[in-house]
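> need coordinates for the below:
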Amino acid sequence: MSTPRLRSLLRTAATLTLAVSLALPAAAQQADRGLSGAYLAARVASYNNDFRAAADYYTRALVRDRTNPFLLENAILAFIGLGDFKAAAPIARQMVETSEDSQIAQLVLIAEELRKKNYAGVLESIEAGESVGPLVDGLVRAWAELAQGNMDRALEAFDTAAADTGLKAFGLYHKALAFGVAGDFEAADNIFSGREAGPLRLTRRGVIAHVQVLSQLGRNESALELMQKAFTRDLDPELAAMRTQLEAGETLPFTVIRSADDGLAEVFLSVAGALNGETSDSYTLLYARASDYLRPDGNTEALLLAAELLDQMEQYELATRTYERVPQSDPAFHAAEMGRAEALRRAGKVEAATEVLRQLAKSRPDILGVHIALGDILRGQEEWAASEAAYDKAIALFESDLETHWVVYYARGITRERMETWDGAEADFRKALELRPNQPQVLNYLGYSYVEMGENLDEALDMIERAVAERPDSGHITDSLGWVLYRLGRYDEAVAHMERATELLPVDPIVNDHLGDVYWAVGRHLEAQFQWKRALSFEPEEKDAERIRRKLEVGLDEVLAEEGAQPLAVANDEG
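Numbers count the residues shown, from 1 in each chain. Below is the predicted model:
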């Protein structure tokens with residue numbers, strides 16, 4: 001539901017925040033010189049998204065300069081990054097008392113009052129102009145009225161929020177949720193279906209809300225049709241359970257939003273979802289953390305979003321701890337565990353990540369994505385047999401062939417090729433191409449494999465040419481094209497492609513080595529030796545390095561003779 005108008009409003013707020021947090025060298029010059037150490041350390045920590053260190057250093061700096069707006073706002077940002085609203089609240093109050101206009105401080109203070117259920121106080125603050133932003137202000141006002149039992153005022157506030165064309169979808173979505181909380185599912189369906197004010201572009205969460213509304217109205221068939229239209233056949237556990245209940249004729253409870261308090265948390269989750277990918281991760285994190293703070297139980301989507309953002313900011317420990325908060329009983333537990341495994345892997349804790357996925361594969365054996373993730377991480381560790389077994393389990397769960405399944409066959413094909421079980425690998429690559437005929441990675445891998453084995457060279461050339469047409473700026477695929485032409489004995493044609501490949505991948509040892517071979521084949525021996533030396537400087541694997549050194553000693557022709565390969569002069573007779 002991200003619209004151009006909303007993105008403009010949110011980006012303006014984010015830009016103001018970033019201008020404060022990333023600039024201001026003058027502020028450093030004006031600060032007490034005794035602040036310099038803590039100030040500079042805090043700036044470095046903020047730049048690195050190290051919220052724990054930033055919170056510590058900004059707090060130290062504030063001891064000496066309690067009214068500095070730069071220090072105050074960045075301390076708030078750091079504590080919210082940690083998810084610590086209790087520590088952020090007194091700093092936010094202090095900032096407001098200094099008459100500084102800060103949306104971030106207001107966000108923290110409103111969240112604090114909402115957590116205390118001080119709805120009247122929040123409404124008074126908004127009326128007094130203490131603003132987080134037009135969207136948040138409008139939707140918070142509406143839900144706060146509903147929390148006090150004022151349904152008419154709440155609906156009026158939702159309509160006011162929706163009156164701004166750029167925010168219309170958000171106002172309508174939250175109004176529909178409010179009708180659901182009130183038990184007026186006909187009114188909720190009128191909005192979700194588009195009958196009231198035109199179609200809504202719903203997120204996954206919005207579709208689930210509409211499905212629950214339809215079920216409450218006794219329209220399970222319509223709910224199933226909506227699910228079929230909105231989601232793929234490979235449903236996650238939550239969606240699969242919903243489908244099973246609907247098919248059995250059961251009535252789904254309306255649980256997306258259970259109360260006005262949940263609605264208030266949903267406001268911040270909606271904004272976080274709209275901001276995600278549109279502005280800095282740290283700014284989006286503020287809203288995800290606020291949503292989690294206001295609904296600390298049953299708010300899995302906010303937890304997952306916060307954890308994902310922390311992972312992207314390379315705050316792996318915080319991401320891992322956030323993922324761990326999703327209970328095993330939650331339908332999204334597998335998603336949290338897969339996210340935790342990825343955060344551990346990115347932190348360099350590959351064994352721990354693998355163990356998380358192994359245990360998850362045991363406890364959730366029917367979830368396709370778990371086995372794929374396990375296969376991928378095992379393949380990265382070159383545990384080929386275990387990786388193949390994981391992919392086998394994933395493929396066994398396919399109910400029917402879908403185009404998206406190509407990547408699993410491709411991954412298993414790579415594993416089998418590395419295990420030197422070529423028949424199985426070839427079958428997997430062929431299956432992947434059956435599902436997605438022009439997939440460039442598969443075309444390149446299979447074509448290159450044929451080239452290396454000296455088989456099906458004409459077909460290999462066709463495959464690689466198709467791959468290049470799909471990905472003309474891929475150095476690896478361009479290298480493959482040059483290499484197959486070389487193996488076909490078409491040396492002059494190979495030169496331009498190999499030179500282009502080295503332009504795209506200038507420090508790749510294999511690509512530079514290949515260019516050396518092509519130069520040698522066309523008689524440019526000095527350039528070939530130069531290229532082989534370049535390849536050695538890029539630290540190839542020892543097996544490849546040994547062969548390159550031998551070529552530098554005796555030349556490519558002699559190396560081919562020692563290997564029992566066909567000499568260059570008759571290579572064009574091959575295939």
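> residue closest to the middle of the chain?
When Cα atoms, centre = their mean is applied to the chain, the residue found nearest the centroid is residue 308 (6.8 Å).
> how about it, secondary structure?
Classification of residue 308 by DSSP: H, G, I helix; E, B strand; the rest coil places it in helix.
> mind pulling up the pLDDT for it?
Looking at residue 308, its pLDDT stands at 97.
> next one: residue 390
The model's pLDDT for residue 390 equals 98.
> can you check residue 73 too?
pLDDT, residue 73: 91.
> re earlier: name the nearest residue to the residue nearest to the centre of the chain, sequence neighbours excluded.
Spatial nearest neighbour of residue 308, chain neighbours left out: residue 339 (6.5 Å); criterion: Cβ to Cβ, 6 or more residues apart in numbering. To be clear about C-beta, it is placed using only N, CA and C from the backbone, and glycine gets the same treatment.
> and if you look at residue 270?
In space, residue 270 is closest to residue 170, 6.0 Å off (Cβ to Cβ, 6+ apart).
> ok, now residue 216?
With Cβ to Cβ, 6+ apart, the residue lying closest to residue 216 is residue 185, at 4.5 Å.
> list the contacts of the one you found.
Going by Cβ atoms under 8 Å, 6 or more residues apart in numbering, residue 185 touches 179, 213, 216-217, 254.
> how close does it sit to residue 178?
Relative to residue 178, residue 185 is positioned 12 Å away (criterion: Cβ to Cβ, to the nearest Å).
> so for stretch 263-272, mean pLDDT?
Across stretch 263-272, the average pLDDT comes to 96.
> model confidence score at residue 1, please.
51.
> kindly report the same for the one 10 residues further on.
The model reports residue 11 with a pLDDT of 40.
> what do you get for residue 302?
pLDDT, residue 302: 96.
> so what does the helix or strand encompassing it touch, helix or strand wise?
With secondary structure defined by DSSP states H and E, residue 302 is part of helix 300-312. When contacts are defined as 3 or more Cβ pairs under 8 Å, 6 or more residues apart in numbering; DSSP states H and E, helix 300-312 sits against helix 260-275, helix 281-294, helix 316-323, helix 333-346.
> would you turn these into TSV with mean neighbour count and distance to residue 381?
What follows is the helices and strands packed on helix 300-312, written out as TSV (neighbours: other Cβ atoms under 10 Å; distance: least, Cβ to Cβ, whole Å):
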stretch	mean neighbour count	distance to residue 381
helix 260-275	25	35
helix 281-294	26	29
helix 316-323	22	19
helix 333-346	23	10
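> so which of those helices is nearest residue 192?
helix 260-275 (14.8 Å; Cβ to Cβ).
> now the angle from the closest one to helix 281-294?
With axes from the mean of the first three to the mean of the last three Cα atoms, to 10 degrees defining the directions, helix 260-275 sits at 170 degrees from helix 281-294.
> now helix 260-275, how far from the centre of its chain.
The chain centroid and the centroid of helix 260-275 are separated by 20 Å under Cα atoms, centre = their mean, to the nearest Å.
> follow-up on the earlier one: nearest to residue 369, out of the helices and strands packed on helix 300-312?
Judging the helices and strands packed on helix 300-312 by Cβ to Cβ, what sits closest to residue 369 is helix 333-346, at 6.7 Å.
> after the closest one comes which helix or strand?
helix 350-363.
> which helices and strands sit right next to that following helix?
Helix 350-363 packs on helix 333-346, helix 368-380, going by 3+ Cβ pairs under 8 Å, 6+ apart.
> pull out the buried residues from it.
353-354, 356-358, 360-361 (16 or more other Cβ atoms under 10 Å).
> give me the angle between that helix and helix 316-323.
Using the same axes, to 10 degrees: helix 350-363 against helix 316-323 is 10 degrees.
> picking up where we left off before, quick check, pLDDT for the residue nearest to residue 216.
According to the prediction, residue 185 has pLDDT 97.
> and for the one 5 residues further on?
The confidence metric pLDDT takes the value 95 at residue 190.
> which parts of the stretch 1-150 of the chain are helices?
4-22, 25-30, 36-47, 51-64, 69-81, 85-97, 103-115, 119-127, 134-147 (DSSP state H, counting those that start in this stretch).
> among these, which is nearest residue 457?
helix 4-22 (51.3 Å).
> picking that back up, surely the residue nearest to the centre of the chain meets residue 340?
No - taking contacts as Cβ atoms under 8 Å, residue 308 lies outside contact range of residue 340: 11.1 Å.
> mutual contacts of those two, please.
Common contacts of residue 308 and residue 340 (Cβ under 8 Å, 6+ apart): residue 319.
> how many neighbours does residue 447 have?
If you count neighbours by other Cβ atoms under 10 Å, residue 447 ends up with 27.
> I'd say it and residue 455 touch.
No - using Cβ under 8 Å, residue 447 is not in contact with residue 455; the gap is 10.8 Å.
> select the helix or strand of the chain having the lowest average pLDDT value.
Here the helix or strand of the chain ranked lowest by mean pLDDT, DSSP states H and E is helix 4-22, holding a mean of 39.
> where does residue 189 fall, secondary structure wise?
Counting by DSSP H and E, residue 189 is part of helix 185-192.
> run the chain-centre distance for that helix.
That offset, for helix 185-192, works out to 32 Å (Cα atoms, centre = their mean).
> and stretch 268-278, by the same measure?
For stretch 268-278 - counting by Cα atoms, centre = their mean - the centre lies 14 Å from the chain centre.
> phi, psi of residue 184?
Dihedral angles of residue 184 (phi, psi; degrees, to the nearest 10) stand at phi -90, psi 80.
> let me see the contact set for it.
Residue 184 neighbours (Cβ under 8 Å, 6+ apart): none.
> residues contacting the nearest residue in space to residue 320 that is not next to it in sequence?
Of all residues beyond its chain neighbours, the one nearest residue 320 is residue 343 (4.9 Å), with distances taken as Cβ to Cβ, 6+ apart. Shown in contact with residue 343 (Cβ under 8 Å, 6+ apart): 307, 310-311, 316, 319-320, 323.
> what's the answer for residue 370, then?
By Cβ under 8 Å, 6+ apart, the neighbours of residue 370 are 334, 338, 357, 360-361, 364.
> hang on, the earlier thing: give the buried residues for whichever strand or helix holds the residue nearest to residue 270.
Under the criterion of DSSP H and E, residue 170 resides in helix 168-182. Residues 168-181 are the ones in helix 168-182 that count as buried (16+ other Cβ under 10 Å).
> for that helix, packing partners?
helix 134-147, helix 151-163, helix 185-192, helix 204-216, helix 260-275.
> CA atoms only for the third one, dumped as PDB, please.
Written as PDB, here are the backbone C-alpha positions of helix 185-192 (Å, rounded to 0.1, in the frame of the first residue of the first chain):
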ATOM      1  CA  PHE A 185     -17.900  -7.900   9.000                       C
ATOM      2  CA  GLU A 186     -20.300  -6.800   6.200                       C
ATOM      3  CA  ALA A 187     -18.900  -3.300   6.500                       C
ATOM      4  CA  ALA A 188     -15.300  -4.600   6.600                       C
ATOM      5  CA  ASP A 189     -15.900  -6.700   3.500                       C
ATOM      6  CA  ASN A 190     -17.400  -3.700   1.600                       C
ATOM      7  CA  ILE A 191     -14.000  -2.000   2.100                       C
ATOM      8  CA  PHE A 192     -11.800  -5.000   1.400                       C
END
